[in-house]
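Novice: predicted structure and sequence below. I'll ask about it afterward.
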Amino acid sequence: MKPAGRVVSVFGVNPSRIGGGEVFARALSSRLAGHGWESVLCYQFLPEGEVRKFLELPNVTFDVLQDAWRFAARPARHLAAILQRHPADILHLYFTGFLSPYPWVARCRGVDKVFFTDQGSHPEGYVATRRPAWKRLAARALNFPLNRVFCISDYNVDCMLRRDLIGAGRVTRIYNSVDLAAAHGDGAAFRLRHGVPAGAPVVAQASWMIPEKGITDLVEAARIVLERIPQAHFVLAGEGKHRQQYMAMARDLGMESHFTWTGLVHNPVAEGLYAASDVVCQVSRWEEAFGWVIAEAMAASRPLVATRVGGIPELVTDGESGFLVAPRAPAEIARRLVQLLEDSELRARMGAAGRLAAERKFDLTFNLDTLMRAYGFE
């Protein structure tokens with residue numbers, strides 16, 4: 001039976017875990033299935049194992065587009081081949097460069113509508129400025145076929161408009177989303193599985209183990225926290241080339257027994273990472289566009305300590321759903337962590353406020369409704 005239509009979604013990432021992007025992709029595919037449409041999910045590599053099982057639906061097909069973020073002939077040719085294999089009504093680009101030949105490739109392959117979602121975070125201290133005239137002209141020519149650009153935060157909308165590479169009338173903010181109905185795993189089981197002391201107050205951060213995520217700031221903050229709360233425990237979930245360096249830092253400071261380094265957690269929500277945590281951190285140094293971990297923690301009613309960078313202040317309301325601190329400020333991070341760990345009522349109050357904020361802003365069902373209307377579904 002011929003499908004009613006087809007959406008090709010290009011995610012320029014490796015689907016190695018069931019995170020916010022994978023939850024979104026599955027929900028989108030399910031919504032399309034309800035209209036009789038097919039969903040083609042293109043990744044850097046084919047999903048495997050539990051991630052593939054999670055994404056597989058009767059209307060889903062997988063394909064590969066490597067180096068999707070590069071402005072180069074080879075990925076453009078490969079996209080053309082994908083669109084030949086899977087003739088599409090809609091092409092949606094995620095985690096690819098804003099300036100690319102893909103919109104024109106899509107038009108040449110008969111795609112009716114082309115969308116781009118700006119997921120880009122920026123370097124520490126980044127300030128968006130208006131681009132030179134030649135670049136503005138080139139960008140508008142390259143993106144002439146784009147129907148709409150979605151930004152995942154007001155911060156990203158502001159950056160996009162300040163650069164002046166596309167007309168404001170074609171830019172819309174749709175926050176990244178979380179499944180508010182998702183079942184959270186067993187926190188006690190998570191602690192047992194990862195050797196976390198059963199009664200210890202737990203501070204968690206889930207992120208790539210890279211300098212941009214402020215891991216050294218959190219490790220230094222932990223040293224200060226432990227002087228006040230010696231039973232505190234820190235869970236750092238994630239992988240990255242600097243992980244061994246950070247583990248060595250904690251060991252050299254005599255805190256090895258107070259840290260658990262889980263490595264990559266394939267499904268933080270279902271595996272119980274948030275349920276096992278008393279406070280969740282995101283102490284990034286760079287200008288985060290959004291912060292999916294923050295939204296997941298809020299949905300789990302966990303209070304936050306996060307840095308005042310990029311779009312994070314749109315997620316965490318300082319003094320209400322958590323505390324905002326300056327980047328590269330271990331003493332300030334520690335002070336707020338101690339305040340939360342010593343006050344269970346404050347944690348509960350901030351966690352409840354975070355949950356309400358997640359329901360208002362990051363509801364996957366509501367935000368998908370907005371996207372489907374942009375696609376042309378009523």
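Specialist: Structure's in. What do you need?
Novice: nearest residue to the middle of the protein?
Specialist: residue 292 (3.8 Å; C-alpha atoms, centre = their mean).
Novice: what sits against that residue?
Specialist: 19-21, 176, 178 (C-beta atoms under 8 Å, 6 or more residues apart in numbering). Bear in mind the C-beta positions are built from the backbone N, C-alpha and C, glycine included.
Novice: from residue 362, how far out is it?
Specialist: Residue 292 is 9 Å from residue 362, where distance means C-beta to C-beta, to the nearest Å.
Novice: what do the two both touch?
Specialist: With C-beta under 8 Å, 6+ apart as the test, residue 292 and residue 362 both reach 176, 178.
Novice: could you list the buried residues of stretch 221-241?
Specialist: Residues of stretch 221-241 classed as buried by neighbour count (16 or more other C-beta atoms under 10 Å): 221-226, 229, 232-240.
Novice: of these, which belong to strands?
Specialist: Taking DSSP state E, the ones among the buried residues of stretch 221-241 that sit in strands are 233-237.
Novice: which of the contacts of residue 292 sit farthest apart?
Specialist: Farthest pair in those (C-beta to C-beta) is 21 and 178. Separation: 11.3 Å.
Novice: which residues does residue 277 contact?
Specialist: 187, 202-204, 235, 297, 302 are the contacts of residue 277 under C-beta under 8 Å, 6+ apart.
Novice: okay, now the residue nearest to residue 45 when sequence neighbours are not counted: neighbour count?
Specialist: Leaving aside its chain neighbours, residue 45 sits nearest to residue 14 (5.2 Å; criterion: C-beta to C-beta, 6 or more residues apart in numbering). Neighbourhood size, residue 14 [other C-beta atoms under 10 Å]: 13.
Novice: one more: residue 326?
Specialist: The burial count for residue 326: 13, using other C-beta under 10 Å.
Novice: tell me how far it lies from residue 77.
Specialist: 46 Å.
Novice: now the strands for the stretch 201-350 of the chain?
Specialist: 202-206, 233-237, 259-263, 279-282, 304-307, 322-325 (DSSP state E, counting those that start in this stretch).
Novice: excluding its backbone neighbours, what's nearest residue 68?
Specialist: Here the residue nearest residue 68, using C-beta to C-beta, 6+ apart, is residue 12, at 3.5 Å.
Novice: might one say that the one you found is in contact with residue 69?
Specialist: Yes: using C-beta atoms under 8 Å, residue 12 is in contact with residue 69, at 4.8 Å.
Novice: poorly predicted segments of this structure, please.
Specialist: 1-2 (pLDDT under 70).
Novice: can you pull the contacts of residue 231?
Specialist: With C-beta under 8 Å, 6+ apart, residue 231 has these contacts: 197, 199-201.
Novice: just residue 174 next, same as before
Specialist: Neighbours of residue 174 in contact, by C-beta under 8 Å, 6+ apart: 117, 150-152, 367, 370-371.
Novice: what's across from the closest residue to it other than its chain neighbours in the sheet?
Specialist: Of all residues not flanking residue 174 in the chain, residue 150 sits nearest, at 4.9 Å (C-beta to C-beta, 6+ apart). For residue 150, the beta-bridge partners are residue 117, residue 172 (DSSP bridges).
Novice: measure residue 150 to residue 93 for me?
Specialist: From residue 150 to residue 93 the distance is 10 Å (C-beta to C-beta).
Novice: shared neighbours, those two?
Specialist: In contact with both residue 150 and residue 93: 115-117, using C-beta under 8 Å, 6+ apart.
Novice: are any of those residues buried, and which?
Specialist: Counted by 16+ other C-beta under 10 Å, those give 115-117 as buried.
Novice: so how many other residues sit close to residue 114?
Specialist: 21.
Novice: let me redo that: residue 370
Specialist: Neighbours around residue 370, by other C-beta under 10 Å: 14.
Novice: swap in residue 166?
Specialist: 21.
Novice: quick one: stretch 142-154 to chain centroid distance?
Specialist: The chain centroid and the centroid of stretch 142-154 are separated by 18 Å, computed with C-alpha atoms, centre = their mean, to the nearest Å.
Novice: surely residue 195 is in contact with residue 260?
Specialist: Yes: between residue 195 and residue 260 there is a contact under C-beta under 8 Å: 6.2 Å.
Novice: look at those two and report which has more neighbours.
Specialist: Neighbour totals were compared for residue 195 and residue 260, and residue 260 leads with 19 against 10 (other C-beta under 10 Å).
Novice: what sits against the more buried one?
Specialist: 194-196, 233-236.
Novice: look up how far residue 248 lies from the residue nearest to the centre of the chain.
Specialist: 28 Å.
Novice: residues contacting residue 336?
Specialist: 305, 323, 325.
Novice: what's the neighbour count on the closest residue to residue 283 other than its chain neighbours?
Specialist: Using C-beta to C-beta, 6+ apart and skipping the chain neighbours, the partner closest in space to residue 283 is residue 214 (3.9 Å). Residues contacting residue 214 under the criterion other C-beta under 10 Å number 29.
Novice: who touches residue 214 in this structure?
Specialist: Contacts of residue 214 (C-beta under 8 Å, 6+ apart): 283-285, 307, 327-328.
Novice: please identify which of these is nearest to residue 167.
Specialist: Nearest member of the contacts of residue 214 to residue 167, counting by C-beta to C-beta, is residue 284, at 30.5 Å.
Novice: my guess is residue 97 contacts residue 67. True?
Specialist: No: using C-beta under 8 Å, residue 97 makes no contact with residue 67, being 10.4 Å away.
Novice: neighbour-wise, which of those two wins?
Specialist: residue 97 (17 against 13).
Novice: show me what contacts the spatially closest residue to that one that is not a sequence neighbour?
Specialist: Residue nearest to residue 97 in three dimensions, not counting chain neighbours: residue 69, with 5.2 Å by C-beta to C-beta, 6+ apart. With contact set as C-beta under 8 Å, 6+ apart, residue 69 has these partners: 12, 95-97.
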